[in-house]
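K.L.:
no FASTA, just this:
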């Protein structure tokens, strides 16, 4: 419960109880606290999407190196392709982030205390037994001193008991949600980002490159390439002339 303090827990319990002292932890208090903990997943989930997005960008850059010769020959075409791919990736990243946040909203919309993995009876019995032992032998002073509130006072036995119970319940439910998120987030990223790019990139490029674009302009060669072609043609012409001269010399020697 790294994001929750003892004071947060006790305040939530008091707010849930109102003026009536609680025999058990109010469900409203538990829901409030566990939802606050679940929200901690948001930043790591978004970071996970961004890591995959960054990796896809690196793959695109690597592909650019593989076709470096064509890049230099048709710079306008390459710039247009890179812009289309980058725009598509950015769009899919935004949609993927929205979906994973939606997954988190689903988890906080309803706290399922009837989840088959959310077994609380043994924990509750143990805590109540420990609480009774504490009342009988007074050995809870050390534990109470560790759970001092921000006001600097020692907690009462009931406050200790409530804190320990809700701590166990929150930890247990947190692990259930964590398991669900660890399973769903990678699947969401694959579906909304990676697989979508694989399936639709070619059609997206075809549509965007032909959409309101003069293809002839995209296939204009760079100035350097035109100069190199001219120099290569001149070199070829010079070599052909040299070859003709050598052939004439050989023919003269034969006769």
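P.N.:
Okay, I see it. Note that the structure is predicted; figures quoted are calculated from it, not measured. Numbers count the residues shown, from 1 in each chain.

K.L.:
element containing residue 101?
P.N.:
Residue 101 belongs to helix 75-109 when assigned by DSSP states H and E.

K.L.:
in that helix, what's buried?
P.N.:
75, 77-78, 80-81, 84-85, 88-89, 92-93, 96-97, 99-100, 103-104, 107-108 (16 or more other Cβ atoms under 10 Å). For every residue, glycine as well, the C-beta is placed using N, CA and C.

K.L.:
for that helix, packing partners?
P.N.:
If contacts are counted by 3 or more Cβ pairs under 8 Å, 6 or more residues apart in numbering; DSSP states H and E, helix 75-109 sits against helix 27-38, helix 42-66, helix 157-189, helix 195-210, helix 215-218.

K.L.:
mind putting those in JSON lines, distance to residue 115 included?
P.N.:
Below are these laid out as JSON lines (distance: least, Cβ to Cβ, whole Å):
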{"stretch": "helix 27-38", "distance to residue 115": "12"}
{"stretch": "helix 42-66", "distance to residue 115": "20"}
{"stretch": "helix 157-189", "distance to residue 115": "6"}
{"stretch": "helix 195-210", "distance to residue 115": "30"}
{"stretch": "helix 215-218", "distance to residue 115": "56"}
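
K.L.:
can you flag the weakest of the ones you listed by average pLDDT?
P.N.:
The weakest mean pLDDT among those belongs to helix 215-218, with a mean of 69.

K.L.:
helix or strand next in line after that helix, which one?
P.N.:
Taking DSSP H and E, what comes next after helix 215-218 is helix 223-254.

K.L.:
domains in this structure, as residue ranges please.
P.N.:
What automatic domain parsing lists as the domains of the chain is 6-220, 221-255.

K.L.:
what's the distance between residue 33 and residue 111?
P.N.:
For residue 33, the distance to residue 111 (Cβ to Cβ, to the nearest Å) stands at 10 Å.

K.L.:
so between the two, which is more surrounded?
P.N.:
residue 33 (26 against 19; other Cβ atoms under 10 Å).

K.L.:
I am finished for the moment; much appreciated.
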